[in-house]
Structures are given as C-alpha cells and as structure tokens.
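# this is a predicted model, with the sequence first.
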Amino acid sequence: MRIYNTMSRKVEEFVPIAEGHASMYCCGPTVYNYAHIGNLRTYIFEDLLHRTLERAGYKVKHVMNITDVGHLTGDGDDGEDKMEKSARETGRSVWDIAAFYTDAFFSDEKDLNIIRPDIVCRATDHIQDMIDLIRKLEEGGHTYTSGGNVYFSIDSIDDYGKLAKLNLDELRSGARIDVDSNKRNPKDFVLWFTNSKFKDQAMMWDSPWGRGYPGWHIECSAMSMKYLGDHFDIHCGGIDAIPVHHTNEIAQSEAACGHVWVNYWCHGEFLVNDKGKMSKSSGEFLTLSVLKEKGYDPLDYRYFCLSGHYRSQLKFSYEALDHARAARKAIVEKVSLLKAEAAPAAEPSAEARGYMDAFDEAMENDLSAPQALSQFHMLLKCDMPAADKLAAIYHMDAVLGLRLDEVEPHKEERIGSDEDWKLVEERAAAKKARDFARADEIRQILMERGFIVKDTPQGAILEKKM
Ligand code: AMP
Ligand code: ZN
C-alpha cells in the first residue's frame, strides 16, 4: 500500500507501527450546521482510505471527533464562536444545536455508505483530557498566560510549521497588525480561553486556569492520543487544515510527547464550484438533502466523488452529477441482470482475479480511484460468465461502496394483476376439464380488461391489446 504523505510531499510505502494494524484519526465535523457536499467529499476520501487499508489486509482502528465545543469562524483564534452564533440565530441552546447537527451528519454518512469510525468522540466529553494535556505542556514550559488565556508558545519548540513548510522569518516580519495583543508570537495559539470575547458563553468548564473553554486545536490532540496513543499511523483531514489546525496539533502533541506523533499525514483536496472552494457561505448551500430533493440518490454523489483523485480538486456541477447518475444507473442495471443469471462464484476464474488484482493495485497506489473505476468498467463490459463477473464486482464494491450487493435481481415485468392471472389459471383449468364455454367466457372477460390470452408451449401468457 502506498500513500501520499503531506509531511514528506511524497507518495510513500505504508509501513504500520504495529504489524497488520493501521490506526487513523480524522478531524470530524463542527456541528453547528449541516455538512455541505464539500465536507462530505473529505469524509468519502477517508472512507476510501479506511476500506482500502482493510482490503490491503490491515485491521483498521478509525477515530473521529465531533467538534461540539464551538470553534471560532477563523482558524487563528479569531472570528465568532460558530456554535454560539448558530444558537443565537436559531433561538436554540448550543447543546440542542450540537445534538441535532450530529444526527444530521451521521444520517448523511449512512446515506453515502461511509463506514462509521470505530470510535466517535465528542469534544465536550473530553474536557478533562484536554486540561491534562495543557497541564503537561505547562509543565514542559510550552505555555504562558496572558490576558486570562493560556497560549502555546511556538518559540518553545524548534520545528513549528514543518508540515506546512512555513517560513517563520517571513511570518515574523509580516506579522499582522490586528493580531491578538496578548500573543508573544503572532502564530501562538490559545489552549484555554477564560477571557471570552463573547458575553454569556454557554459552554464553560472549570480548569486550573479559571472557568472557560478549550481552544480548537487541543481537542484533536487530546482525543487522538487518548484512543490511539502518542504515536499512531495516519492523520487525515481536508487540505485547509494543513497551515493552522494540523500545524498546531503537531506542535502541541510533539511538545507534549517529545517525539514524532503521526507517521502519515493525508489530506483531501477541495470540492470546488465556479466561484472556487465549496463552502457554507459561497453560493447555494449545497447539502446532501438538497441533492436528494432534486432527485439524486446519495450514491450518485459518492460515485461522482470516486471519479476524481482525492488529491485533485473536483469541480461540482449538476451536469457532472447527471453523468455520474447515468453511469451508476447503468451499473445497477447491469448488476441486476447478472444477478438474475447467476450467484457470485465462490472461486472466481483466473480472468476475474486478474481484474480484481488490477483494481486493488490501483487503489493501493495512493487511492487511484479513477484508475480503479476504469478496471471496474472494463470488467462490466468484458465477456465472462456471470458468476465470475459478479464475484469480481462484489470484490471491487467492498471498496467502492456503491451497495451493489443490495441490487435486486432483474425480473421480467409481468403484465396484468393477480386477479387477471387468477382468471388465466381458471381458464386453463376449464380447458383441461373441456369446459370450452367457460374458457371462452374468461377469454372475453380478459379482452374487456385489455388483454389478449395467448397459448404458448410454456402455458398461457397475457399480452396488451393494441
Ligand atoms: P468543518 O466542519 O468546517 O471543520 O469541515 C469538515 C471537513 O471538511 C474538514 O476536514 C475540511 O477540511 C473539509 N472541507 C471543508 N471545505 C471543503 C471543500 N470545499 N471540499 C472538500 N473538503 C472540505
Ligand atoms: Zn482536528
């Protein structure tokens, strides 16, 4: 298995820390609104990584957080608190908002056939873990308190910004003017707020530094380390997390544990539209529900995402989604016909195995889904016994996740209702009993109902009267 590591900027061989195991942490949603389809592209990418690791034989432990302590609208400790803002706008409590949008998020994930992470952890359930981690950083001399808030000092470590390859000298000389005046370095970030910018902050907890709430970045460090230890394999997110969120996660985690924290950093590129990055504020707020209301199946969107490589931008348009829908419909129809013909072979032929291996090779080469899909289409088109073909299709779909195992076998459409067919049977019985008058009578009744009865060697059939 090979995967691109943002830390080295190279596609690398995946070498797990524990043989046969793969531990991965994915930054989850901030639950103050519905996820937009751009967010969902990132979770589909992480699902593909999860499924491909399993295919490659690893036992996967997948952890994802739910950010239900509102993080600010800006990554750099600036802007408004997203949860409070949403609560104020809707007149609901922050807790209600979080519960409602967490449910909505998992409903989208289910619709998209995204495997639920093994552990889903809420920030509000892990405040003590965050406090413990901040304490550790404090003991190590990595923090300072200023204006009531606890800050991480990036000058207390040597390699701040290594993931994003930030040039710190440039950053210092170009320091922004509007920066928080409590910060010693403009890139320092808050670990614990007691001095809230917002009146009547709803979510607050006691801490050694006073009543307040955690900064955003500390939650991912605290929860990932709690469930995966202080050295694990893979950390994922969207590319926008590289310069601030993941950079700060690395700074504080490695300052706390004193060694490399994560081996592979994997990032998904953006879903874009005409105006650029898909976001909650730009243009139409596109959620999965909007697509469903317009008549698309969520799996049409999943298929659309599979058509692009996760490290390339993917441009959303309804035209492109229509193509995805047509392609998926054709796949489903083909699979339905195959299912009517045969059951999947327990031991697929060498030819079928050839396609399966080529598919796996593409996915295990930095999740090359477009190449894997082209193997899938070649398989669908090739001339191969239905049983072998179906076995190979199921094998591939365990990674593609298009729910092809649930497709109904094709049935010839039967003309006429159950009642009409009862009459057909009665007519057959009448004929057998040489009651031709009754048989003719039934033929007449069916004629009035719009059907012609035809006798064939396989028995009588109904045809629509022209
Ligand atoms: P948020 O709920 O805002 O924290 O975002 C959840 C995830 O979606 C993060 O991993 C982001 O990096 C990712 N994300 C945000 N916008 C996009 C986009 N347009 N395309 C793909 N991923 C995105
Ligand atoms: Zn995170």
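Perfect, thanks for sending it. Ligands and ions are numbered 1, 2, ... in the order given.

# quick check: the residue of this protein nearest ligand 1.
residue 238 (2.0 Å; C-beta to the nearest ligand atom). Placement of C-beta: from N, CA and C, glycine included.

# tell me where the model's unsure across this protein.
By pLDDT under 70, the low-scoring segments of the chain are 70-80, 169-179, 196-200, 282-283.

# outline the domain layout of it.
By the assignment in automatic domain parsing, the chain contains the domains 2-268, 288-406, 418-464.

# what's in contact with the lengthiest helix in the chain?
In the chain, taking DSSP state H as the definition, the longest helix is helix 318-341. With C-beta atoms under 8 Å, 6 or more residues apart in numbering as the test, helix 318-341 has contacts from 291, 294, 296-297, 299-301, 303-304, 307, 380, 386, 389-390, 393, 402, 404, 407-411.

# now do the buried residues in it.
321, 324, 325, 327, 328, 331, 332, 334, 335, 336, 338, 339 (16 or more other C-beta atoms under 10 Å).

# distance from that helix to the middle of the chain?
Taking C-alpha atoms, centre = their mean, to the nearest Å, one finds helix 318-341 lying 21 Å from the centre of the chain it belongs to.

# ok, now stretch 317-331?
So, by C-alpha atoms, centre = their mean, the centroid of stretch 317-331 is 19 Å from its chain's centroid.

# got the CA positions of it in PDB?
What follows is stretch 317-331, C-alpha atoms only, in PDB (Å, rounded to 0.1, in the frame of the first residue of the first chain):
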ATOM      1  CA  SER A 317     -21.800  20.900 -11.500                       C
ATOM      2  CA  TYR A 318     -25.300  19.400 -11.900                       C
ATOM      3  CA  GLU A 319     -24.200  18.400 -15.400                       C
ATOM      4  CA  ALA A 320     -21.300  16.400 -14.000                       C
ATOM      5  CA  LEU A 321     -23.600  14.900 -11.300                       C
ATOM      6  CA  ASP A 322     -26.100  13.900 -14.100                       C
ATOM      7  CA  HIS A 323     -23.300  12.000 -15.800                       C
ATOM      8  CA  ALA A 324     -22.500  10.200 -12.500                       C
ATOM      9  CA  ARG A 325     -26.100   9.400 -12.000                       C
ATOM     10  CA  ALA A 326     -26.400   7.900 -15.500                       C
ATOM     11  CA  ALA A 327     -23.200   5.900 -15.100                       C
ATOM     12  CA  ARG A 328     -24.400   4.500 -11.800                       C
ATOM     13  CA  LYS A 329     -27.800   3.600 -13.100                       C
ATOM     14  CA  ALA A 330     -26.200   1.700 -16.000                       C
ATOM     15  CA  ILE A 331     -24.000  -0.200 -13.400                       C
END
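
# returning to what we had before: need the domains of the chain in CSV (columns: distance to residue 275).
Conversion of these to CSV gives the following (distance: least, C-beta to C-beta, whole Å):
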stretch, distance to residue 275
domain 2-268, 12
domain 288-406, 11
domain 418-464, 52
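
# which one of those lies closest to ligand 2?
Nearest of these to ligand 2, taken as C-beta to the ion: domain 2-268 at 3.1 Å.

# about what we covered before: just the buried subset of the contacts of helix 318-341, please.
291, 296-297, 299-301, 303-304, 380, 386, 389-390, 393, 402, 404, 407.

# from those, which land in helices?
Using DSSP H, the buried ones among the contacts of helix 318-341 in helices are 291, 299, 300, 301, 303, 304, 380, 386, 389, 390, 393.

# let's have these in CSV, adding distance to ligand 2.
Shown next, in CSV, are these (distance: C-beta to the ion, whole Å):
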residue, distance to ligand 2
291, 26
299, 28
300, 29
301, 24
303, 28
304, 26
380, 39
386, 46
389, 42
390, 40
393, 36
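
# and the protein, which residues reach ligand 1?
By C-beta under 6 Å from any ligand atom, the part of the chain that sits against ligand 1 consists of 27, 29-30, 38-39, 41-42, 237-238, 240-241, 268, 270-271, 277-279.

# let's see 8 Å
Within reach of ligand 1 by C-beta under 8 Å from any ligand atom, the chain has these residues: 26-31, 35-36, 38-43, 67, 71, 236-241, 267-272, 277-280, 314.

# write the ChimeraX selection for whichever of the residues you listed are buried.
In ChimeraX, this line selects whichever of the residues of the chain next to ligand 1 come out buried by 16+ other C-beta under 10 Å:
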select :26,27,28,29,30,31,35,36,38,39,40,41,42,43,67,71,236,237,238,239,240,241,267,268,269,270,271,272,278,279,314
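
# what residues does the stretch 101-250 of the chain have near ligand 2?
Proximity of the stretch 101-250 of the chain to ligand 2, by C-beta under 5 Å from the ion, involves residues residue 220.

# what's the neighbour count on residue 220?
The local packing of residue 220 (other C-beta atoms under 10 Å) involves 29 other residues.
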